[in-house]
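A.B. asks: below are the sequence and a predicted model; questions follow.
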Amino acid sequence: MINNIVSSINDILWGVPMIIFLVGAHLYLTYKTKFVQRKIFTGIKLSLKKQNDGSGDVSVFGALTTALASTVGTGNIIGVATAITLGGPGAVLWTWIGGIFGIATKYAETFIAVKHRQKKEDGSYVGGAMTALDFLKKPFLSKFFCSATILGAFGIGCLTQSNAISSLARDNFNIPPYITGIVIAIITFIIVFGGIKSISNVCTKLVPIMSIVYVIGCLYILVVNASYLPQTISLIISSAFTPKAMAGGFVGSTLIIAMRYGVARGLFSNEAGMGSAPIASAAGQAKNAVKPAIVGATGVFWDTVVICLMTGLVLCTCVIANPDIDAVLINDGSRLCTIAFNTIPYIGAPLLIFGVLTFAYSTILGWCYYATSCAEYLFSKKATKIYMFIWIIVIFLGSIGKIQLVWDVADILNALMVIPNIIAVFLLRKEIAKDTDYYLYQNRLEEKDESMQ
């Protein structure tokens, strides 16, 4: 009964109106920022450059890796697989397209988070859609965003991640889920109570290594399955627009279903439009809001344009090469990943295990910071300690839960975060366009914005 209720709510929230709302925001902000995607390589260059870039709690690179820690998670692996099982292979294309245009949304939401961040009594910074909405004199929406983030973090950043880790440990090592949950909870407890600097230090070391290793591994698998790659690309493109049954082990899908799951899983992965990652960016060093915004936008590029695409191609080539795994393509993305990657000798299974474990755990750390920042902003610093203890408990509960219910709950909470965040971005669209033109397109990224804290 609970599954059916949650699924019904999920279907309503992620129906055609939400797809139009989110995709429309991506397209509008792409236009408003004059296709800021063309500056993405400038952002990549800036993110790799060591520099003392104004006031802030952590370095620019530290803020980016903390944001990437949350975005590069199970959505990049199991989320993509779930999109394929529910929406067909065409969902891979919609995930990718959503990522391309989502770069503009991530840029805009990061901009308003940094531009309107606030300095706390202890000298540290807090920023996000909530501070931007307070600047706009929208206290209700500010509180709604904080509340949605606090609750949403349990889904996207905790339940699904610990569930993915425990499922993988059970399937590959026969480790009972409750044991996995206890181990993850203890390690997380040690790290998160150190605050943003402790989380940032771990993410700075973990995120680059895990991303590079996973991408190289996926490229190797694609080389092994190179003969199936043209057929895979053709199938992904055609099934994204063709409402008919698919051959080669795939279920059929309509255009709306493929788009719905592609967009939803893409959002779950790159978080463009949710306003979550900008909370980490707001803690970074900044002279102006444009520079950290273009750096923050690179998160969508790495997360979706590169990593999600790699996963989608790997899964589809493995299924086409091994049509006997057709039976697992029914509402079980985790199982699909396990069987598909296991078709590649020596490297497949270890790569999947490494990817899920590192991606999922880094996400747990990143989202804990987002949620505690909102809890402190909405209530008080004491509330963060209480929240952290609840977080540890939910990690355990996620480890022993049912995955489909967990994913559906996460999708619902994601949708609730999108609404106030996109409203804030829209209301500040003129400011975004003006500063983008001045600092980014007139090459003034090193100038200090005196209006910022």
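C.D. replies: Here it is on my side, so go on.

A.B. asks: pLDDT of the host helix or strand of residue 298, averaged?
C.D. replies: Assigned by DSSP states H and E, residue 298 belongs to helix 290-300. For helix 290-300, mean pLDDT rounds to 92.

A.B. asks: same thing with stretch 392-399?
C.D. replies: Averaged across stretch 392-399, pLDDT comes to 89.

A.B. asks: likewise for stretch 28-40?
C.D. replies: 95.

A.B. asks: which residues does it contact?
C.D. replies: Identification of contacts with stretch 28-40 by Cβ atoms under 8 Å, 6 or more residues apart in numbering yields 100-101, 103-105, 107-108, 294, 297-298, 301, 425-426, 429, 432-433, 436-437, 440-441. Any C-beta I mention is one placed from the backbone N, CA and C, and that applies to glycine too.

A.B. asks: cutoff 10 Å now
C.D. replies: 42-43, 46, 100-109, 111, 272-273, 290, 293-294, 297-298, 300-302, 305, 422, 425-426, 429-430, 432-433, 436-437, 440-441 (Cβ atoms under 10 Å, 6 or more residues apart in numbering).

A.B. asks: circling back: just the C-alphas of the following helix or strand past the helix holding residue 298, formatted as PDB.
C.D. replies: Downstream of helix 290-300, the next assigned helix or strand under DSSP H and E is helix 309-321. Extracted C-alpha coordinates of helix 309-321, given in PDB (Å, rounded to 0.1, in the frame of the first residue of the first chain):
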ATOM      1  CA  LEU A 309      26.800   9.000 -20.700                       C
ATOM      2  CA  MET A 310      29.600   6.500 -20.100                       C
ATOM      3  CA  THR A 311      27.400   4.400 -17.800                       C
ATOM      4  CA  GLY A 312      24.500   4.500 -20.300                       C
ATOM      5  CA  LEU A 313      26.700   3.400 -23.200                       C
ATOM      6  CA  VAL A 314      28.300   0.600 -21.100                       C
ATOM      7  CA  LEU A 315      25.000  -0.800 -19.900                       C
ATOM      8  CA  CYS A 316      23.400  -0.700 -23.400                       C
ATOM      9  CA  THR A 317      26.300  -2.300 -25.200                       C
ATOM     10  CA  CYS A 318      26.500  -5.100 -22.500                       C
ATOM     11  CA  VAL A 319      22.700  -5.800 -22.900                       C
ATOM     12  CA  ILE A 320      22.900  -5.900 -26.700                       C
ATOM     13  CA  ALA A 321      26.000  -8.100 -26.600                       C
END
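
A.B. asks: beyond helix 309-321, next helix or strand please.
C.D. replies: helix 333-341.

A.B. asks: is it true that residue 71 touches residue 307?
C.D. replies: Yes - between residue 71 and residue 307 there is a contact at 9.4 Å, judged by Cβ atoms under 10 Å.

A.B. asks: the two: who's more crowded?
C.D. replies: Using other Cβ atoms under 10 Å, the more surrounded residue of residue 71 and residue 307 is residue 71, with 30 against 26.

A.B. asks: spit out the contact partners of that one.
C.D. replies: Contacts of residue 71 (Cβ under 10 Å, 6+ apart): 106, 207, 268-272, 274, 276-277, 280, 299-300, 302-304, 307, 359, 362-363, 366-367.
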